[in-house]
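J.: Here you go, sequence then predicted model.
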Amino acid sequence: MRFSLNSRCKYIPIVGRQSGLSLIELMVALAIGAFLVLGVVTVFLANKDSARLENSLARLQENGRFALDLMREDLHQAQYLGCNTGDVFIINMIEDPNSAGFTSTLEGIRAYERNGSGTWAANPPPTDLSGTIQAAETAQGARNGSDVLSIRMTELMNEDDPNDPLLTGLVLPTSTNVPIDDNPDCDIEQGSRVVVTGCNLTAHLFRVTNTQTCNAGAPPNATTLEFGIGGNVTTSINTTYDTESQVLLYEEAVWYVADTLRDRNGFDVWALYREVNGTTQEMIEGVEHMQVKIGQRVSFSTSIRYVDPSDATLNTGNNYEGAISVRVALLMQGFDLIRNEDDARVYVLIDEQVAGIGASAIGQGGLHASGSVQRDVFSTTVALRNAPEF
């Protein structure tokens with residue numbers, strides 16, 4: 001602002017344009033701008049961290065729910081035997097009963113316990129699983145401290161029309177084969193295990209010994225299923241099956257946790273595996289541990305007790321026949337480094353503890369890898385729909 005002196009000796013201000021900012025004004029403006037920018041950056045970083053946390057938790061929850069859903073589907077199918085389900089007596093014709101997974105003709109499930117140091121409990125898996133499940137965890141066997149669940153089940157061979165009879169003729173005690181009108185999707189092969197079951201409280205489990213010629217693109221594929229000595233201990237079916245009987249494909253699905261041999265963000269990637277008739281498939285990654293409890297009827301009551309797979313009473317005689325439910329817990333791990341500190345928490349899977357890798361002692365439930373990743377426990381209890389009725 002400028003001033004001029006008029007004739008009466010008064011100063012009159014002359015209004016003009018401001019030529020610039022003072023240093024103090026400039027510093028105040030920069031400080032305000034920096035403060036606003038810092039606020040915007042802080043909000044952005046907080047939103048980014050929050051989004052990473054939410055995405056990691058969402059993936060963790062999705063994988064956990066999906067893993068339990070997959071296991072639940074198999075458990076619902078355990079010991080399905082058509083119209084004989086629940087009270088059938090299975091005659092095992094296979095040469096080595098253990099290779100079929102049966103220690104009892106009425107069992108639909110069996111579980112195995114491996115402690116944190118890698119030692120199996122009193123009931124190790126059968127010998128036919130030794131190449132995979134029983135191997136050391138470093139060889140992609142079952143993880144130390146993680147249980148193994150075996151589910152015995154059958155499935156209809158004609159899913160499009162399960163009410164149609166599959167047998168094309170009578171099967172008599174003197175028969176040497178089972179004739180069927182189709183081999184859907186060519187699933188039955190030489191060496192397959194199948195169950196023929198009617199509604200006469202009897203079913204026969206046998207191994208197919210003849211070569212199957214089948215064209216999945218040109219159904220139906222009528223065939224005969226022979227049960228010769230080359231895989232069966234007997235070649236005689238001691239009952240009669242009519243054309244209303246069903247032929248079911250027998251499967252044993254074994255669920256366990258193993259190392260995928262992959263790494264992510266410095267962590268070993270563990271996963272839930274499913275092995276069916278010797279073929280292993282990785283199902284869900286990020287599963288660090290699994291614990292299983294078997295729900296068993298208490299004699300002469302309606303009560304249920306949940307016990308470890310190593311329980312002495314459960315593993316005595318045919319007590320697994322009394323199993324009516326299964327409780328499963330999974331410890332799921334994310335791989336995004338989202339925690340501010342290493343995870344030193346102790347997780348409880350049903351009643352087994354899984355501590356961080358720096359723990360002084362290895363419990364029955366084993367150890368987790370710690371680190372700044374997210375973990376959570378997912379559990380479910382599944383009733384066995386096809387459990388024998390006593």
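T.: Thanks, I have it. Given the structure is predicted, the values throughout are model-derived calculations rather than measurements. Numbering: from 1, shown residues only.
J.: In contact with V171, which residues are there?
T.: V178, P179, V196, I237, T240, Y241, S245 (C-beta atoms under 8 Å, 6 or more residues apart in numbering). For the C-beta atoms, the positions are set from N, CA and C on the backbone; glycine is no exception.
J.: who's it bridged to?
T.: Y241 (DSSP bridges).
J.: on that earlier part again, which of the contacts of V171 sit farthest apart?
T.: Using C-beta to C-beta, the two most remote members of those are P179 and T240, lying 13.8 Å apart.
J.: For these two, work out which one has more neighbours and name it.
T.: P179 (17 against 14; other C-beta atoms under 10 Å).
J.: which stretch of helix or strand covers that one?
T.: For P179, the host element (DSSP states H and E) is strand 177-180.
J.: Could you do V41 as well?
T.: helix 23-77.
J.: quick one on the thing from earlier: columns pLDDT and distance to V382 on top of the contacts of V171, output as TSV?
T.: Shown next, in TSV, are those (pLDDT from 0 to 100; distance: C-beta to C-beta, whole Å):
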residue	pLDDT	distance to V382
V178	93	32
P179	93	37
V196	89	28
I237	87	33
T240	90	36
Y241	91	31
S245	86	29
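J.: For the stretch 151-300 of the chain, give me the ranges with low pLDDT.
T.: 156-165, 299-300 (pLDDT under 70).
J.: Just the residues contacting the strand holding P179, thanks.
T.: 157, 166-169, 171, 194, 196, 210, 222-227, 241, 247.
J.: cool, and stretch 315-327?
T.: By C-beta under 8 Å, 6+ apart, stretch 315-327 touches 75, 103-104, 106-111, 122-123, 149, 292-297, 304, 306, 309, 313-314, 350, 379-384, 387-388, 390.
J.: hmm, try it at 6 Å
T.: The contact list for stretch 315-327 (C-beta atoms under 6 Å, 6 or more residues apart in numbering) reads 75, 104, 106-107, 109-110, 123, 293-297, 306, 381-384, 387-388.
J.: if I look at the residue nearest to R207 when sequence neighbours are not counted, how far off is N210?
T.: Counting by C-beta to C-beta, 6 or more residues apart in numbering, G231 is the residue found nearest to R207 once chain neighbours are left out, at 3.7 Å. From G231 across to N210, the span is 10 Å (C-beta to C-beta, to the nearest Å).
J.: what about these two, which has more around it?
T.: G231 (20 against 15).
J.: out of the contacts of V171, which are buried?
T.: Among the contacts of V171, those classed as buried by 16 or more other C-beta atoms under 10 Å are V178, P179, V196, I237, Y241, S245.
J.: check contacts around the last one.
T.: Okay, so that is S245. L167, G198.
J.: circling back: show me which of the buried ones among the contacts of V171 is closest to L36.
T.: Taking the buried ones among the contacts of V171 together and measuring to L36 by C-beta to C-beta, the closest member is V196, at 78.9 Å.
J.: For beta bridges, what are the partners of that closest one?
T.: H204, V247.
J.: you'd agree it is up against T202?
T.: No - judged on C-beta atoms under 6 Å, V196 makes no contact with T202 at a distance of 9.4 Å.
J.: tell me how far the strand holding P179 is from the chain's mean position?
T.: 35 Å (C-alpha atoms, centre = their mean, to the nearest Å).
J.: How about stretch 276-285?
T.: The answer for stretch 276-285 is 10 Å, by C-alpha atoms, centre = their mean.
J.: again with stretch 25-45
T.: That offset, for stretch 25-45, works out to 51 Å (C-alpha atoms, centre = their mean).
J.: any idea how far Y112 is from V43?
T.: Taking C-beta to C-beta, one finds Y112 at 52 Å from V43.
J.: got it, and E137?
T.: For E137 relative to V43 (C-beta to C-beta), the value is 45 Å.
J.: which of the two has more neighbours?
T.: Neighbour count, other C-beta under 10 Å: between E137 and V43, E137 has more, with 18 against 10.
J.: Could you pull up the residues touching V196?
T.: V178, H204, Y241, V247.
J.: The third one contacts T197, correct?
T.: So that's Y241. No - counting by C-beta under 6 Å, Y241 does not reach T197; the two are 8.0 Å apart.
J.: hmm, who's touching the strand or helix carrying V292?
T.: Using DSSP H and E, V292 maps to strand 287-297. With contact meaning C-beta under 6 Å, 6+ apart, strand 287-297 is reached by 111, 146-147, 149, 257, 270-272, 304-307, 314, 322-325, 327-331, 333, 349-350, 352, 354, 366, 368.
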